[in-house]
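Student: Here's my sequence, what's the structure:
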Amino acid sequence: MTRLGTGTLRGSASVALVQEYVHLGSRRTGGRALALAEAAEIAGLLELHPFQTSYVPTLLALLDAHPRLDAQDAVHAATAINCGFGAIVSTDSAFDDIGGLERIDPLDAGRIAELGAP
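Tutor: Got it, this is the predicted structure:
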């Protein structure tokens, strides 16, 4: 997040990330106002990509092929694949099995440091 804020890294995400952040943040902390403020900050740091109807076949194929993948994560993965992104930053290991999409753990400082490096 620091690198996104300083402009040393560009990030992209499914627009559904904002909704998911507010939903989970509100449930975990009970603080809807804080979750909304944080989601707005995150949204300002990322290029957000809307989910397109043309992504539905990818979404359904992902859900069929990867039983551990939930529907919301399939939206993120289908968006990433259809936008041509080769990696997704997530702690969720359900992304590990998706061919052509590398999961990068946000806690892997070394791999995160490599992102955007020349």
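
Student: Could you report the pLDDT at the residue positioned nearest the centre of the chain?
Tutor: Per C-alpha atoms, centre = their mean, the C-alpha nearest to the average position across the chain is that of Ala13, at 5.1 Å. In this model, Ala13 is scored at 90, pLDDT.

Student: same check, this time on Ala37
Tutor: For Ala37, the model assigns a pLDDT of 91.

Student: Over to Ala43?
Tutor: For Ala43, the model assigns a pLDDT of 90.

Student: who's in contact with the helix or strand where it lies?
Tutor: Using DSSP states H and E, Ala43 sits in helix 32-45. The contact list for helix 32-45 (C-beta atoms under 8 Å, 6 or more residues apart in numbering) reads 1, 4-5, 11, 17-18, 21-22, 24-26, 29. From N, CA and C alone the C-beta is placed, and that goes for glycine too.

Student: and Ala65, what does it touch?
Tutor: So Ala65 contacts nothing (C-beta under 8 Å, 6+ apart).

Student: Please apply the same query to the one 3 residues further on.
Tutor: By C-beta under 8 Å, 6+ apart, the residues touching Arg68 are 93-94, 97.

Student: just checking, Ser12 is part of a helix?
Tutor: No. Using DSSP: H, G, I helix; E, B strand; the rest coil, the assignment for Ser12 is strand, not a helix.

Student: which one is it nearest to, not counting chain neighbours?
Tutor: Distances taken as C-beta to C-beta, 6 or more residues apart in numbering place Glu47 nearest to Ser12, at 4.5 Å, with adjacent residues excluded.

Student: any idea where the strands of the protein begin and end?
Tutor: Along the chain, counting by DSSP state E, strands occupy 11-14, 46-49, 87-89, 102-104.

Student: Buried by neighbour count, from the contacts of Arg68: which ones?
Tutor: Those of those that meet the buried threshold are Ala94, by 16 or more other C-beta atoms under 10 Å.

Student: Let me know whether the residue nearest to the centre of the chain touches Phe51 as I believe.
Tutor: No. The pair Ala13 / Phe51 is not scored as a contact, 11.3 Å apart, by C-beta atoms under 8 Å.

Student: In a markdown table: the strands of the chain, plus distance to Ile112.
Tutor: Listed next are those as a markdown table, based on distance: least, C-beta to C-beta, whole Å:
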| stretch | distance to Ile112 |
| --- | --- |
| strand 11-14 | 11 |
| strand 46-49 | 15 |
| strand 87-89 | 8 |
| strand 102-104 | 7 |
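
Student: Appreciated, that's everything.
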